[in-house]
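[1] need a structure here:
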Amino acid sequence: MSALAVRFAGITEGLPRAFWSLWAGMLVNRAGSFVVPLLFVYLTQQRGLDLPTAGLVASLFGAGSLGGTMLGGALADRLGRRATMLLALVTSSAFMMGLGFARELWQLASATLFLGFFSDMYRPASQALVADVVPPEHRVKAFSLQYWAANLGYAFAAVLGGFMAKRNFLALFIGDALTTLVLAAIIWRSVPESRPAEARDDKRGSVFTPFLDGKYLPFLLCNFALTLVFFQHLSAMPEDMRQKGLTTEHYGATVATNCLLIVLLQPLVTRWVKGIPRGVLLTVASSLTGLGFGAMALATTLPAYMATVAVWTLGEIIFAPVNASIVADLSPMHLRGRYQGAFSLTFSFGAMGAPSISMRLLPKTGLPVFWLICLVLCFVVAACQLAWGKNLPSPAPTEKP
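    All right, here's what the predicted structure looks like:
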């Protein structure tokens with residue numbers, strides 16, 4: 001057997017058809033994810049909102065996702081993974097179109113709120129399904145492949161979205177809605193319900209259980225703090241680039257750098273860091289995130305911004321499989337959806353808080369000081385993660401390289 005065939009067999013080993021169907025659908029869906037990365041640009045440049053108002057409206061996406069992730073996790077455990085995903089995808093597609101045709105402020109705000117709600121209802125159910133159908137020893141590989149596909153599609157969407165933003169923004173909304181429906185169709189035809197039978201009758205716990213888990217809560221708090229910095233690439237970073245004379249095409253190319261580096265480097269980095277304690281990896285990743293965003297205070301050209309993105313992207317590459325393995329290890333089977341929902345909730349809070357915080361701080365601090373604040377926050381989180389990570393259990397066995 002050739003080396004390529006051996007490598008391919010190693011990649012596919014332990015991953016069932018349901019996983020690959022979901023993987024393919026995610027790739028298509030993310031390739032059409034045009035709107036959310038450009039939402040702040042759309043609100044300011046197309047709908048003419050001032051910075052504080054645009055920040056508030058953009059934060060409603062995160063506010064909606066708060067309820068969506070909580071309900072999505074609960075429905076995934078009670079109603080089932082498949083039904084929850086289908087409900088979320090079809091409804092979010094409708095609100096995506098609604099946002100594209102909205103003109104009044106209340107219409108923009110309402111559509112953004114409900115789009116965030118139903119878009120993020122999908123995430124905990126999807127992650128719980130992967131944990132259901134993939135054996136523990138192959139979960140790191142499965143989550144890494146999902147993350148890889150999502151970023152490959154997202155890189156395409158960022159480039160095309162930045163190009164189309166100045167030409168026909170409505171086409172981006174239509175394309176985003178259609179690719180969401182494609183993912184729903186794939187799930188309808190090819191992804192069966194995966195909720196374990198033994199978990200269906202276990203009624204212990206609630207949506208609040210993950211937040212009362214002493215081992216899990218510090219992990220959630222640290223991740224939330226980092227998302228407040230990470231989501232600045234959707235609000236403060238485009239504003240920083242605009243003030244320095246760069247365009248939406250430059251912004252799209254910069255965001256695409258993040259995705260392309262993940263596609264190229266994640267398989268390599270995941271293998272390089274194997275065996276290193278997860279607490280140490282979290283610390284390194286947080287530090288890289290802070291350095292990358294902090295360096296934006298010095299960036300003035302497109303290559304410079306790409307370089308800063310490369311630094312925090314390395315942190316993101318390390319985070320992805322480590323976080324996925326931690327959530328899987330600390331989640332009881334009958335509460336798997338709710339633990340995934342709680343983890344997703346940290347991103348929802350970050351997406352809601354990041355634009356609001358940046359647009360309120362920037363007029364007072366200026367961009368250089370703001371990026372310094374981001375750097376300090378990430379270093380504080382890194383120290384906390386190093387201390388917490390000492391009590392982490394050893395990860396599940398990993399696949400052969």
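
[2] Tabulate the CA atom coordinates of stretch 262-273 in PDB.
    The C-alpha coordinates for stretch 262-273 follow below in PDB (Å, rounded to 0.1, in the frame of the first residue of the first chain):
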ATOM      1  CA  ILE A 262      -5.500  27.200   9.500                       C
ATOM      2  CA  VAL A 263      -6.000  25.000   6.400                       C
ATOM      3  CA  LEU A 264      -2.300  24.800   5.700                       C
ATOM      4  CA  LEU A 265      -0.900  24.500   9.200                       C
ATOM      5  CA  GLN A 266      -3.500  22.900  11.500                       C
ATOM      6  CA  PRO A 267      -2.700  19.300  10.600                       C
ATOM      7  CA  LEU A 268       1.000  20.000  11.200                       C
ATOM      8  CA  VAL A 269       0.600  21.900  14.400                       C
ATOM      9  CA  THR A 270      -1.800  19.300  15.800                       C
ATOM     10  CA  ARG A 271       0.800  16.600  15.300                       C
ATOM     11  CA  TRP A 272       3.700  18.800  16.700                       C
ATOM     12  CA  VAL A 273       1.900  19.600  20.000                       C
END
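
[3] Centre of the chain to that stretch, how far?
    Relative to the centre of its chain, stretch 262-273 is centred 18 Å away, using Cα atoms, centre = their mean, to the nearest Å.

[4] Let me see the ranges of the helices in the stretch 1-150 of the chain.
    3-12, 17-31, 39-41, 51-78, 81-101, 105-133, 139-164 (DSSP state H, counting those that start in this stretch).

[5] could these go into TSV alongside mean neighbour count?
    Placement of C-beta: from N, CA and C, glycine included. Listed next are these as TSV, based on neighbours: other Cβ atoms under 10 Å:
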stretch	mean neighbour count
helix 3-12	11
helix 17-31	19
helix 39-41	24
helix 51-78	24
helix 81-101	21
helix 105-133	24
helix 139-164	22
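
[6] Redo these as a markdown table? Include mean pLDDT.
    Formatted as a markdown table, the helices of the stretch 1-150 of the chain follow (pLDDT from 0 to 100):
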| stretch | mean pLDDT |
| --- | --- |
| helix 3-12 | 59 |
| helix 17-31 | 89 |
| helix 39-41 | 80 |
| helix 51-78 | 84 |
| helix 81-101 | 93 |
| helix 105-133 | 89 |
| helix 139-164 | 78 |
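
[7] can you list those helices in TSV and add distance to residue 378?
    TSV is the format used below for the helices of the stretch 1-150 of the chain (distance: least, Cβ to Cβ, whole Å):
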stretch	distance to residue 378
helix 3-12	33
helix 17-31	26
helix 39-41	22
helix 51-78	19
helix 81-101	31
helix 105-133	24
helix 139-164	21
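
[8] May I ask you to confirm that residue 149 is in contact with residue 20?
    No. Applying Cβ atoms under 8 Å, one finds residue 149 not in contact with residue 20, separated by 10.2 Å.

[9] so what's residue 331 closest to, chain neighbours aside?
    Leaving aside its chain neighbours, residue 331 sits nearest to residue 339 (3.8 Å; criterion: Cβ to Cβ, 6 or more residues apart in numbering).

[10] show me what contacts the residue most central in space within the chain?
    For the chain, the residue sitting closest to the mean C-alpha position, by Cα atoms, centre = their mean, is residue 347 at 7.0 Å. Taking Cβ atoms under 8 Å, 6 or more residues apart in numbering as the criterion, residue 347 is in contact with 65, 69, 120, 223, 227.
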